[in-house]
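> Okay, here's the prediction I keep looking at, along with the sequence it came from:
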Amino acid sequence: MEQIYTIPVNEAFDAASEGNSRGCPFCMLAEKLENNEIDLILGASMMEPDIRIKTNEQGFCRHHFDMMFSGKNRLGLGLILESHLDEQKKHFSKNGLISKPGESEIRTVSRLNENCYVCSKIEYHFSKMLETAVLLWEKDPEFRKKTSRQPYFCLPHYKRFLETASSYLSKKMFKEFYNAVEETENGYFDALREDVSWFCKKFDYRYNDEPWKNSKDAVERAIAFLCGRVQTKK
């Protein structure tokens, strides 16, 4: 069941499978979306009027400002900031006859804190990829096998995978889906807890001569499992 829109999902599930040990496939998809959006906004999309209107209104979260700042196009970022600041200045000190002083600024800053152009673009495409993954699981036996070969799904994306499947699958099929992904998730959960516990024990002198087993990177893996590598909004 290979279509153009299914290729990124299939590729991520292949790359993240147990044999390749790349972690959560949805984190891989989110990372790719994030990097693509950063490249676009500092490149081909930067001077497009309709996109500049959106970036002027929405702005960016601190994380994505930092990513853009770390890139090579400082002038491009400067131009984006120039027009964004001009747009936001219009909303300062705009108190009307029935507005209290400061209300306009409070609304403006609150809106900026809740919006990010890159986050919104990632979320739009990522939600479609979740739907595609569920559709593939429903229709494609080979994709079910790929899903069962995943090492784990990070908890934020596991939640969203379940939510999306619950919305699109019949009750009977969702139960089958849940049983399949829950087995993968709980298996990794238990193994990870053991690795973190062993990591902690290795700091006790009584375990000096014991091998590290699979625990040396247990802390990093636990954080990736709990939080994901790229946060999506929902």
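Arrived safely, thanks for sending.

> how about the helix or strand bottoming out on mean pLDDT in the chain: buried residues?
The least trusted helix or strand in the chain, going by mean pLDDT, DSSP states H and E, turns out to be helix 103-114, with a mean of 80. By 16 or more other Cβ atoms under 10 Å, the buried positions in helix 103-114 come out as 104, 108, 112. No exception for glycine: its C-beta is placed from N, CA and C like everyone else's.

> can you put those residues in JSON lines and add distance to residue 38?
Shown next, in JSON lines, are the buried residues of helix 103-114 (distance: Cβ to Cβ, whole Å):
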{"residue": "104", "distance to residue 38": "31"}
{"residue": "108", "distance to residue 38": "25"}
{"residue": "112", "distance to residue 38": "19"}
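
> Looking at the residues you listed, which is nearest residue 9?
Residue 9 lies nearest to residue 112 out of the buried residues of helix 103-114, by Cβ to Cβ, at 32.7 Å.

> Could you pull up the residues touching the residue nearest to the closest one when sequence neighbours are not counted?
Excluding the flanking residues, the one nearest residue 112 by Cβ to Cβ, 6 or more residues apart in numbering is residue 59, at 5.2 Å. Going by Cβ atoms under 8 Å, 6 or more residues apart in numbering, residue 59 touches 84, 88, 112, 115-117.

> likewise residue 133?
Neighbours of residue 133 in contact, by Cβ under 8 Å, 6+ apart: 9, 13, 26, 143, 161, 164.

> mind giving me CSV with these and columns for distance to residue 213 and pLDDT?
Shown next, in CSV, are the contacts of residue 133 (distance: Cβ to Cβ, whole Å; pLDDT from 0 to 100):
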residue, distance to residue 213, pLDDT
9, 33, 96
13, 28, 95
26, 28, 96
143, 33, 96
161, 29, 98
164, 35, 98
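
> can you tell me which residues contact residue 110?
So residue 110 contacts nothing (Cβ under 8 Å, 6+ apart).

> one step back: PyMOL command to pick out the buried ones of the contacts of residue 59?
To isolate the buried members of the contacts of residue 59 in PyMOL, using 16+ other Cβ under 10 Å:
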select buried, resi 84+88+112+116+117
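
> which one of the contacts of residue 59 is nearest residue 156?
Once Cβ to Cβ is applied, the member of these that ends up nearest residue 156 is residue 116, at 16.9 Å.

> Let's see which of the contacts of residue 133 end up in helices.
Residues from the contacts of residue 133 lying in helices, with DSSP state H as the criterion: 9, 13, 26, 143, 161, 164.
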